[in-house]
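Trainee: Sequence and predicted model, in that order:
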Amino acid sequence: MEVRVLLFASYADAFGSPDLAVTLREGATVRELLAKVKELAVGHSLPPAPLIALNQEYAAPGDVVRAGDEVALIPPVAGG
Amino acid sequence: MHIAIVSHPIEPAALIAAVASDAHGATSLFLGTVRDVNDGRAVSGMDYTAYDAMASRELEKIAREAVERFDGVALAVEHRIGSLALGDVSVAIAAAHAHRAHALDATRFVIEQLKKRVPIWKREHYADGTLEWVDPAAKVSEGLTAMSPPQPPR
């Protein structure tokens, strides 16, 4: 399945895009998704364990990504 | 409970009005404003951006936690996004309760949690014309303890 990953702030700048597409096997976890993202051209510039949100909630590495999920890569937050 | 991510100037008086009640003996207001220096560099302005839907959601979660923790405290929270100038209000939190301790503690709780968990980012404009995304965890030079990332729910 193909999953669209939303990018923000410094990550959007690094990838030069507000989102990217990743192909995953059915039942893939957040950990696998991150590994795929890191294989991309500028993926190595990400921190060792970037935060991922699934459907607007912070996700754990073992959470399963499903087709149609809203997936986002969350840079270090800096509100306030 | 009033929670919003806004792209217009924040009106603190409106937030105070939103939490007003004759049952309250204390109202606490926190304002975060754009400062002219950060980490030793002169700052001339700031761009804020957010993952809007998730930011509202996470902020609502924090507010619900505060209401539970501080005895039903009344809360109004707004965070502004877009381009802000020095002195502009970036975040405002109004908390009201029958007694001052809960009103004061709730404002502190909300701003600290907001800074740790809400997906909002800021890019500083420096006086020398350069731009940089702020990473609070990277600012060890100020002697701040690096903030731990938000913990997933399980």
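Mentor: Yep, that arrived.
Trainee: Not including adjacent chain positions, what is the nearest residue to the residue nearest the centre of chain B?
Mentor: Nearest to the mean C-alpha position of chain B, by C-alpha atoms, centre = their mean, lies B:V91 at 4.3 Å. Distances taken as C-beta to C-beta, 6 or more residues apart in numbering or on different chains put B:G32 closest to B:V91, at 4.0 Å, once the chain neighbours are dropped. C-beta: built from backbone N, CA, C; applies to glycine.
Trainee: Could you say which helix or strand holds B:A95?
Mentor: strand B:89-97 (DSSP states H and E).
Trainee: any idea which helix or strand comes after that strand?
Mentor: Where DSSP H and E defines the elements, the next helix or strand beyond strand B:89-97 is helix B:100-117.
Trainee: so where's chain A shaky on pLDDT?
Mentor: Residues of chain A meeting the criterion pLDDT under 70: none.
Trainee: ok, now how distant is the residue positioned nearest the centre of chain A from A:T29?
Mentor: In chain A, the residue lying closest to the centroid (C-alpha atoms, centre = their mean) is A:L73, at 3.8 Å. Distance, A:L73 to A:T29, by C-beta to C-beta, to the nearest Å: 15 Å.
Trainee: do B:R41 as well
Mentor: B:R41 sits 40 Å away from A:T29, taking C-beta to C-beta as the criterion.
Trainee: Helices of the chain, residue ranges please.
Mentor: The chain I'm using is chain A. For chain A, the helices defined by DSSP state H cover A:9-15, A:30-39.
Trainee: Actually, chain B is the one I wanted.
Mentor: Assigned by DSSP H, chain B shows helices spanning B:12-18, B:52-69, B:100-117.
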